[in-house]
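> Quick one: sequence and predicted model below, then my questions.
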Amino acid sequence: MNNVIKVTNLTYAYSPDTPAALKDVSFSIPEGSWVAIVGHNGSGKSTLAHAIDGLLDFKEGHIWVDGIALTEENLWQVRSRIGMIFQNPDNQFVGSTVEDDVAFGLENLAVPHEEMMMRVTEALEQVQMNDFRKKQPEQLSGGQKQRVALAGVIAMQPKIIILDEATSMLDPIGRREILDVIKRLRERLGITVLSITHEMDETTGADQIIVLNDGQIVETGTPDRIYAKSEVLKKLGLDVPYPQRLKQALMQRQITVPETYFNEEGMVTWLWQSLLKK
Amino acid sequence: MNKLLFGRYIPQESFVHRMDPRAKLVLSFLYVIIIFFANNWWIYALMAIVALLSIWASKIKPKLFVEGVMPLIWIIVFTMVIQIFFGTGGQMYWHWGIFSITSLGILNAAYIFVRFTLIILISTLLTLSTSPIQLSDAIESLLRPLTKLHFPVYEVALMLSIALRFVPTLMDETETIMNAQRARGVDFGTGNLFTRIKKIIPILIPLFVSAFNRAEDLATAMEARGYQGGNGRTKYRLLKWGIRDSIATLVYLLMAVIVLAIRFL
Amino acid sequence: MAITFKEVSYIYQPDTPFEFQALQKITTQIKDESFTALIGHTGSGKSTFLQHLDALLKPTSGTVLIGDTAITHETSNKHLRLLRKRVGIVFQFPEKQLFADTVEKDIAFGPENFGSSPEQAAQIARQMLKLVKLPEDILNRSPFELSGGQMRRVAIAGVLALQPEVLVLDEPTAGLDPKGRQEMMHLFAELQKREHLTIVLVTHQMEDVANYADQVIVMEHGKIVKEGTPRYVFADVKWLRDKQLDVPASTEFAFEMQKRGFLFDQLPLTEAELADDIADMFKARGKRNE
């Protein structure tokens, strides 16, 4: 498969006297996949997202997006392939109404008016916000604002969507709304998704998880492989998935549990086989 | 929940609501200018009819217009009182020192009342039937010729629209911060001017900090969405001149012509 | 200190087109030295409820008893300020309220407003910093130079500095990472024990409710729809799911086990409870096989 994002030896510090926020980071993301970057607050994960979109001026290392090297000359070409959703739902809502906000990116691309109308409607339908198109931001919940932000990104037809802690300021309903929309978009449009989060339960559907700590990649692998390393996750201040936690609690009670990773359903099945099966 | 709708715009469907905001803005200006040429009851009657007709066409409850006049009622009354006691000319009814009540003074006071009321009615109509963003679009469109003089019309309009967009957000934030400081023992209602000003600092600083953070986030988000300045952008909201606007313009022009004819012929 | 609500209703912007009733005849009690969790969706009336605990809002009708002070529609604003020393509120994202040029001054702000001398207030600031587990050397730094997590702790210290009897926490862990969240909750539990505080916690984290709360109030559309112990409230998993509310992970897991034929006397709330139950099942199975 084609690597739609490739990062090699990226190092970055916000100022010469602070420790580097990113240290020699290298990885690549295959086209159409969903990769989650996890790490505690201050681990450098957001910095990495900003770097990929050319929002930081880094000196060391290289980034390629869709085969294009990220340089000053190619900046806008690279950005046109990436749609980014940020953390704060209010601070990225530029338009005075829902439809105006979705259109903002299209206006920047100088899309003709008729086409713009069509693309705005289509994008709003994808995130199920078309009924709200005339609403003002203060009439929307946080989750709805983030869906509008997603529509704004989809309308620009990017190859990659980067979610920079896009759910961290939402309540559980809002979080679920966003994650559902992302899943549907992936199925329908096959967009590459790079999600940045500290919530492990938001990574269950990912193809790959990259664990970041102090600006360095410490683990890379499928969710099952990463979830199994509960000791590492705990040490890095991240959540351990529930079945793993339960397994450890059982081990402390002298019960032998299998080594392999179970998701919730697998764990219930194992308990059923050991305890109830005749 | 506790939100005043900024600019008091009442969204609904009506002849006036669907008019081009440029037409509304220009006609409101025309109305205000023309009213200063009015000098007899026939003209005032005509202008009142046009105002009432416009209000009727907006389907907005008359009560809201009364509420629009009320905050300014003391200014109107004050100006009228001055006219009544200091105005001269015509028949003298009462006189004491520098004060006098004359027929002309009373007439002028009545004119002032009508003028003020009509101007407030028509400007209330404009703000109740036109959202702030439509007004900013209208201003942008009307100022467009200035781009030839390198005036950044587009950027100014974007600034205006973003500012309007963030007014409710910042109002919410102010309330939150005020509550937090009240919970820490600040009593905003008491004290002399100096202590009151001092009490504003714990609100102003957090507001500024947060506004700067928001501005930074917003700039990043706009850049990520491809904003490179106003040049070469297309527009999603287009202003369209329709039959309604032509009709309204005709009515107002007719009024203007009649008024000027009565006044100068 | 207990806080009692008697038929409390609150209406925003009454007699306007924007009129909105946020609380509808609420009657309940926050018991002295309890740890009460308040759950419900955005817009359920939680934040309006919270603001009544500190008399930041006065009920449109009904009475709020803060300790033995009754607050009604008619209560004069003059008498409210001293109440606010007894009830501290940590608002959502409290770091937003920081304003002073040093950490010390910001924490001392509350005590000074309530009449402490600058020396006393500075001393309280030092104590509070220790209480929220921040190093003393940041006292003279600007709060705006600190990390997000540290800023939040400074803000919380600023509320604790009032030395309140009731501490109200509005989603105090929002935006923190798992480790920060855990540390923060530990801190509150510890404070409650040591200072005999009454705590009211608004949260979406049902794990925290299961682990720390002894009372739960569930709000919806301005009404209390359920209240009681966590065990009582979380017993009906289906009801909570209907309301789109989460359930503690252990309860959720046990609920799934029930579906596969496992039996529980009562649904477990915490990891330890569930593990104990399962361990018992293993023992029972072992005996049967012998």
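Cool, got the structure.
> low pLDDT regions in the chain?
Unless you meant another one, I'm taking chain A. Counting by pLDDT under 70, the low-confidence segments of chain A come to A:1.
> That was the other one, I meant chain C.
In chain C, residues with pLDDT under 70: C:290.
> quick one: the strands in chain A?
A:3-12, A:22-30, A:34-38, A:60-65, A:68-69, A:82-85, A:160-164, A:192-197, A:208-213, A:216-221 (DSSP state E).
> before we move on, what about the stretch 1-150 of chain C?
C:3-12, C:20-30, C:35-39, C:61-66, C:69-71, C:87-90 (DSSP state E, counting those that start in this stretch).
> To chain A, which of these lies closest?
strand C:35-39 (10.4 Å; Cβ to the nearest Cβ). No exception for glycine: its C-beta is placed from N, CA and C like everyone else's.
> elements contacting the closest one?
helix C:46-53, strand C:198-202, helix C:206-212, strand C:215-220 (3 or more Cβ pairs under 8 Å, 6 or more residues apart in numbering or on different chains; DSSP states H and E).
> who's in contact with residue C:40?
Contacts for residue C:40 (Cβ atoms under 8 Å, 6 or more residues apart in numbering or on different chains) come out as C:46, C:218-220, C:245.
> Kindly recompute the last result at 6 Å.
Taking Cβ atoms under 6 Å, 6 or more residues apart in numbering or on different chains, we find residue C:40 in contact with C:46, C:218-220.
> what's the distance between it and residue C:48?
11 Å (Cβ to Cβ, to the nearest Å).
> cool, residue A:108 as well?
From residue A:108 over to residue C:48 (counting by Cβ to Cβ), the distance is 40 Å.
> how many neighbours does the residue of the stretch 151-265 of chain B found nearest chain C have?
Per Cβ to the nearest Cβ, residue B:185 is where the stretch 151-265 of chain B lies closest to chain C, at 3.2 Å. Number of residues near residue B:185 (other Cβ atoms under 10 Å in any protein chain shown) recorded here: 18.
> Among the strands of chain A, which comes closest to chain B?
strand A:82-85 (4.5 Å).
> May I have the beta-bridge partners of residue A:11?
residue A:60 (DSSP bridges).
> Isn't it up against residue A:60?
Yes - using Cβ atoms under 6 Å, residue A:11 is in contact with residue A:60, at 4.1 Å.
> Please settle this for me: is residue C:227 part of a helix?
No - with DSSP: H, G, I helix; E, B strand; the rest coil as the criterion, residue C:227 is located in strand rather than a helix.
> Spatially nearest residue to residue 179, not counting backbone neighbours?
Assuming you mean chain A. residue A:202 (6.3 Å; Cβ to Cβ, 6 or more residues apart in numbering or on different chains).
> To clarify, I was referring to chain C.
Per Cβ to Cβ, 6+ apart, closest to residue C:179 is residue A:237, 3.1 Å.
> Which residues are in contact with the one you found?
Taking Cβ under 6 Å, 6+ apart, one finds A:40, C:177, C:179 in contact with residue A:237.
> circling back to that earlier point, roughly how far does the residue nearest to residue A:179 sit from chain C?
Residue A:202 sits 12 Å away from chain C, going by Cβ to the nearest Cβ, to the nearest Å.
> swap in residue A:26?
24 Å.
> tally of neighbours for that residue?
12.
> again with residue B:88
Other residues close to residue B:88 by other Cβ under 10 Å number 11.
> Could you report the distance from it to chain A?
From residue B:88 to chain A the distance is 52 Å (Cβ to the nearest Cβ).
> Look at that residue and give its secondary structure.
coil.
> residue contacts, the residue of the stretch 1-150 of chain C found nearest chain A?
Per Cβ to the nearest Cβ, residue C:42 is where the stretch 1-150 of chain C lies closest to chain A, at 5.4 Å. Contacts of residue C:42 were listed using Cβ under 6 Å, 6+ apart, and they are residue A:171.
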